[in-house]
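*Asks:* below are the sequence and a predicted model; questions follow.
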Amino acid sequence: MPSTPIKLAIVGGRRGAAFNRAVKILEDKVKIVAICDISEEVLKNWKTNIPDIQTFKNYDEMLEKSDCDAVFIATPMFLHAEQSIKAMKFGKHVLSEVIAATTLDECWRLVETVEDTKMTYMLAENYCYMRSNMMILNMVRRGVFGEPIYAEGGYIHDCRNLMFYPNGELTWRGELSRNFPGNTYPTHSLGPIAQWLHVNRESGDRLLHMATFMTKPASASVYVKRRFGESHPGAKRDFWKRGDSAVTLIQTEREVLIVLRVDYHSPRPHNMTHYLLQGTSASYLSPRHDKEDPLIWIEGRSPGQSPPESAPAEWESLWNYAEEYEHPLWREWGEVARKTGHGGGDFFVIKDFVDSILQKREPPINVYDAATWSSIMPLSIESIKKGNIPVEIPDFRKR
């Protein structure tokens, strides 16, 4: 039986530190008791902020010696699946950063481990919890969009500076672009859309098959030349297997078409939220930047008609409907959530994870979601290698 508050250990202290504020808000439900990181400096900073915290450099030692109830995996993504599996086999609940797994084998083993151990596993996909995405979810559930027919999601963020250490060696993000062609970071884009479509839920939709297309790798080498010079191996285009942009097309069982784009090489302002949802009675466009509102058009409520009769259809701000359609979680917790990272998402992932443990209920982003959304990475690599052909998306609920 878990303690109250839940004793939480964090693996990966740099990223994990961003959640400290959220944990403090929920201190009656969760307490950080241990931190694991390979950096002495990171461990020292945690010890300064939380003097009684247990610190570890070795993950296995932390699992053996810490009295934690749950583990938050915030390490480089190639480690997520193995560390999650090991923690659950140690009897620890797991909250994992994205993506959950990088191979289909890891996806299946994650599912198997959750089913066998009965531990709580949740994916910390904070983009699902952004205010606009949750408001659209509420509107879909209440029938505003009619029947969804098309959706887009994009993660468009120039991360080239995060691909290198100061000496020019590759970080895990750099290794990702060096070695893997395809849609290698899909869950920010897909997660909210999958929730809008009730994917993997009773009477909901299912992702059937997908194909991925990719541009040439042009911008990474330009950045390397400017920062590290012509002699750096990354200054050559053929050093990089991943192109600047990758686009994945997904067909669902209910014949909804989903388009996902990932681009973290191209020089441009950060587009944190790129989403579109088209239904038979409403249409949604996310803002292109932080100086714009999200836009909505609802048939019979928004200005004009489509097709135009007496007046053409006109977009209006999504926030015009906040009083009526604000998601209940944001209505209750929005003021405190805004004080945390990723548009409030960092707060809500902690809250939902802890509540799922304490209330012994299925987390809102469960292992089947984690496996399905994360599988887009290895499947996109397969699609590209086979000439951009469609490949089947497994139903991870059936093993």
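*Replies:* Right, received. Where do you want to start? If you're wondering where the values come from, they're calculated on a predicted model, not measured in any experiment.
*Asks:* pretty sure I73 sits against L95.
*Replies:* Yes: using C-beta atoms under 8 Å, I73 is in contact with L95, at 7.1 Å. (Glycine included, C-beta is placed from N, CA and C.)
*Asks:* break the chain into its domains for me.
*Replies:* 6-125, 128-327+364-392 (automatic domain parsing).
*Asks:* H80: what's it in contact with?
*Replies:* Residues in contact with H80 (C-beta atoms under 8 Å, 6 or more residues apart in numbering) are I73, S96, E97, I99, A100, A101, T102.
*Asks:* kindly reformat those residues as JSON lines containing neighbour count.
*Replies:* JSON lines is the format used below for the contacts of H80 (neighbours: other C-beta atoms under 10 Å):
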{"residue": "I73", "neighbour count": "27"}
{"residue": "S96", "neighbour count": "31"}
{"residue": "E97", "neighbour count": "25"}
{"residue": "I99", "neighbour count": "26"}
{"residue": "A100", "neighbour count": "31"}
{"residue": "A101", "neighbour count": "28"}
{"residue": "T102", "neighbour count": "21"}
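*Asks:* okay if I get these as CSV plus pLDDT, distance to S219 and secondary structure?
*Replies:* Output for those, formatted as CSV (pLDDT from 0 to 100; distance: C-beta to C-beta, whole Å; DSSP: H, G, I helix; E, B strand; the rest coil):
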residue, pLDDT, distance to S219, secondary structure
I73, 97, 30, strand
S96, 98, 30, strand
E97, 97, 26, coil
I99, 98, 22, coil
A100, 98, 28, coil
A101, 98, 28, coil
T102, 98, 23, coil
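*Asks:* would you reformat these as TSV and include distance to L257?
*Replies:* Shown next, in TSV, are the contacts of H80 (distance: C-beta to C-beta, whole Å):
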residue	distance to L257
I73	33
S96	29
E97	29
I99	22
A100	24
A101	25
T102	26
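*Asks:* closest to Y368 out of those?
*Replies:* Nearest to Y368 among the contacts of H80: A100, at 10.5 Å, using C-beta to C-beta.
*Asks:* please name the nearest non-neighbouring residue to the closest one.
*Replies:* Leaving aside its chain neighbours, A100 sits nearest to A370 (3.7 Å; criterion: C-beta to C-beta, 6 or more residues apart in numbering).
*Asks:* for N179, see how far away that neighbour is.
*Replies:* Relative to N179, A370 is positioned 22 Å away (C-beta to C-beta, to the nearest Å).
*Asks:* higher neighbour count, the two?
*Replies:* Neighbour totals were compared for A370 and N179, and A370 leads with 32 against 13 (other C-beta atoms under 10 Å).
*Asks:* so which helix or strand takes in the more buried one?
*Replies:* Using DSSP states H and E, the element containing A370 is helix 367-374.
*Asks:* contact partners of that helix?
*Replies:* Applying C-beta under 8 Å, 6+ apart, the set of residues contacting helix 367-374 is 96, 98-102, 107-108, 110-111, 114, 121-123, 125, 186-187, 190-191, 194, 199-200, 207, 393-394, 396-397.
*Asks:* can you show me the CA trace of that helix as CSV?
*Replies:* This file holds the C-alpha atoms of helix 367-374, laid out as CSV (Å, rounded to 0.1, in the frame of the first residue of the first chain):
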residue,chain,number,x,y,z
VAL,A,367,0.6,2.1,-21.1
TYR,A,368,-1.5,1.3,-24.2
ASP,A,369,-1.5,5.0,-25.1
ALA,A,370,2.3,5.3,-24.4
ALA,A,371,3.1,2.3,-26.6
THR,A,372,0.7,3.3,-29.4
TRP,A,373,1.9,6.9,-29.6
SER,A,374,5.6,6.0,-29.1
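*Asks:* go through it and flag the buried ones.
*Replies:* V367, Y368, D369, A370, A371, T372, W373, S374 (16 or more other C-beta atoms under 10 Å).
*Asks:* with pLDDT and distance to Q251 added, can I get these in TSV?
*Replies:* As requested, the buried residues of helix 367-374 are arranged in TSV below (pLDDT from 0 to 100; distance: C-beta to C-beta, whole Å):
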residue	pLDDT	distance to Q251
V367	98	24
Y368	98	19
D369	98	19
A370	98	21
A371	98	19
T372	98	14
W373	98	16
S374	98	19
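*Asks:* now distance to R142 too, for those residues, in CSV please.
*Replies:* Shown next, in CSV, are the buried residues of helix 367-374 (distance: C-beta to C-beta, whole Å):
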residue, distance to R142
V367, 28
Y368, 25
D369, 22
A370, 27
A371, 29
T372, 25
W373, 24
S374, 29
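*Asks:* of these, closest to K24?
*Replies:* A370 (26.4 Å).
*Asks:* all helices of the stretch 51-200 of the chain, in order?
*Replies:* 59-65, 80-89, 104-117, 131-141, 172-179, 187-196 (DSSP state H, counting those that start in this stretch).
*Asks:* quick check: angle from the last one to helix 367-374?
*Replies:* To tie it back to what came earlier, the one meant is helix 187-196. Helix 187-196 and helix 367-374 are oriented at 130 degrees to each other (axes from the mean of the first three to the mean of the last three C-alpha atoms, to 10 degrees).
*Asks:* can you tell me what sits against helix 187-196?
*Replies:* By C-beta under 8 Å, 6+ apart, helix 187-196 touches 98-100, 123, 125, 127-128, 130, 133, 136-137, 140, 148, 151-155, 200, 207, 250, 258, 260-262, 274-275, 277, 365, 369, 372-374, 376.
*Asks:* same check, this time on the third one
*Replies:* Taking C-beta under 8 Å, 6+ apart as the criterion, the residues outside helix 104-117 that touch it are 81-82, 84-85, 88-89, 91, 100-101, 119, 121, 366-368, 370-371, 374-375, 378-379, 394, 396, 399.
*Asks:* that helix vs helix 80-89, what angle?
*Replies:* Using the same axes, to 10 degrees: helix 104-117 against helix 80-89 is 10 degrees.
*Asks:* list the buried residues for helix 104-117?
*Replies:* Result for helix 104-117 [16+ other C-beta under 10 Å]: buried residues L104, E106, C107, W108, R109, L110, V111, T113, V114, T117.
*Asks:* among the helices of the stretch 51-200 of the chain, which is the most enclosed?
*Replies:* helix 187-196 (a mean of 26; mean count of other C-beta atoms under 10 Å).
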